[in-house]
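Visitor: Fold the following and give me the result.
(one chain, ligands or ions: 1)
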Amino acid sequence: MGFMFEDLDVYQKGMDLVDQVTARAMAKVKSVARSFLGRTILANIAAGFRVVGVEATMWDARGHTFGASMDETLDLSFTRAIGGEDLLPLFRQTYWAPKRSVDQIEGMLHNSPIVLGAWQGRRLIGFARVLTDDVYRAVIDDIVVDEPFRGRGVGTAMVKALLERLKHVEEIFLGCDAKEVRFYEKLGFNRAKNPYMRLRPG
Ligand SMILES: CC(C)(COP(=O)(O)OP(=O)(O)OC[C@H]1O[C@@H](n2cnc3c(N)ncnc32)[C@H](O)[C@@H]1OP(=O)(O)O)[C@@H](O)C(=O)NCCC(=O)NCCS
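Guide: Residues are numbered from 1 along each chain as shown. Below you'll find the model as predicted:
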């Protein structure tokens with residue numbers, strides 16, 4: 001049994017079809033691979049931004065914005081107005097200030113010489129304040145990061161911003177629980193030798 005001319009024609013058409021289908025399949029594989037690679041590269045860039053943003057940010061009196069990831073930005077600011085309503089949900093997550101009222105919080109904000117807000121868009125996701133004479137002594141207080149945002153470097157970035165702001169001050173204090181000691185040690189704090197004295201009027 002041999003090939004007829006017509007058979008060759010059909011054979012060639014079949015082969016052309018196979019080529020077309022293979023080419024389409026290869027294009028699909030390539031497109032999937034490119035998209036996967038693209039996403040991987042973008043994810044790595046985003047992670048890089050996060051690390052660089054946290055480690056290399058400089059702050060000034062007007063506050064500073066840095067990229068936290070490709071689709072979100074963290075804004076650390078000493079000047080952006082914080083309302084009592086912004087802060088209330090953060091204080092509710094703390095063990096020392098869950099019952100503060102909006103009025104009390106606003107009085108506190110008004111009388112604190114240095115307040116730092118960490119914002120994501122319009123949402124306050126971190127807070128800290130400082131009581132200080134801006135020369136000899138400073139006490140950092142009320143450091144808190146909104147729970148879903150913890151463990152992502154926001155707390156570290158806030159403390160670094162505060163230390164930059166207070167770098168000329170002779171001594172900086174803060175009180176913390178045993179479980180936070182390591183967090184502050186990594187940022188340069190040491191356990192004080194002398195015990196603190198405390199009195200709670202009323
Ligand atoms: C403490 C706090 C402000 C830290 O903020 P954060 O954004 O979560 O901190 P970071 O992401 O910068 O964490 C930095 C490191 O400290 C560790 N860390 C942070 N808080 C910790 C805690 N409570 N216990 C143990 N480790 C903690 C993190 O695991 C991370 O470790 P790593 O660098 O080895 O990964 C935040 O956890 C918080 O708001 N806690 C509740 C309120 C509070 O306790 N405030 C402190 C009052 S002194």
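
Visitor: low-scoring stretches of this protein, by residue?
Guide: Filtered on pLDDT under 70, the chain yields the residue ranges 1-11, 14, 29-71.

Visitor: where along this structure do the strands fall?
Guide: Using DSSP state E, the strands found in the chain span residues 64-69, 72-77, 114-120, 123-132, 137-145, 171-173.

Visitor: could you list every residue that touches whichever residue of the chain sits closest to the ligand?
Guide: At 2.1 Å from the ligand, Gly155 is the closest residue in the chain, using Cβ to the nearest ligand atom. To be clear about C-beta, it is placed using only N, CA and C from the backbone, and glycine gets the same treatment. By Cβ atoms under 8 Å, 6 or more residues apart in numbering, the residues touching Gly155 are Gly126, Ile143, Val145, Phe183.

Visitor: and if you look at Glu147?
Guide: Gln93.

Visitor: Alpha carbons of stretch 174-187, as CSV, please.
Guide: The C-alpha coordinates for stretch 174-187 follow below in CSV (Å, rounded to 0.1, in the frame of the first residue of the first chain):
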residue,chain,number,x,y,z
LEU,A,174,10.4,53.3,78.9
GLY,A,175,8.5,50.7,80.9
CYS,A,176,7.5,47.4,79.4
ASP,A,177,6.5,43.9,80.2
ALA,A,178,9.0,41.0,80.4
LYS,A,179,7.9,39.7,77.0
GLU,A,180,8.8,42.9,75.2
VAL,A,181,12.3,43.2,76.7
ARG,A,182,13.9,41.5,73.7
PHE,A,183,12.1,43.8,71.3
TYR,A,184,13.6,46.9,73.0
GLU,A,185,17.0,45.3,73.5
LYS,A,186,17.3,44.8,69.8
LEU,A,187,16.7,48.5,69.4
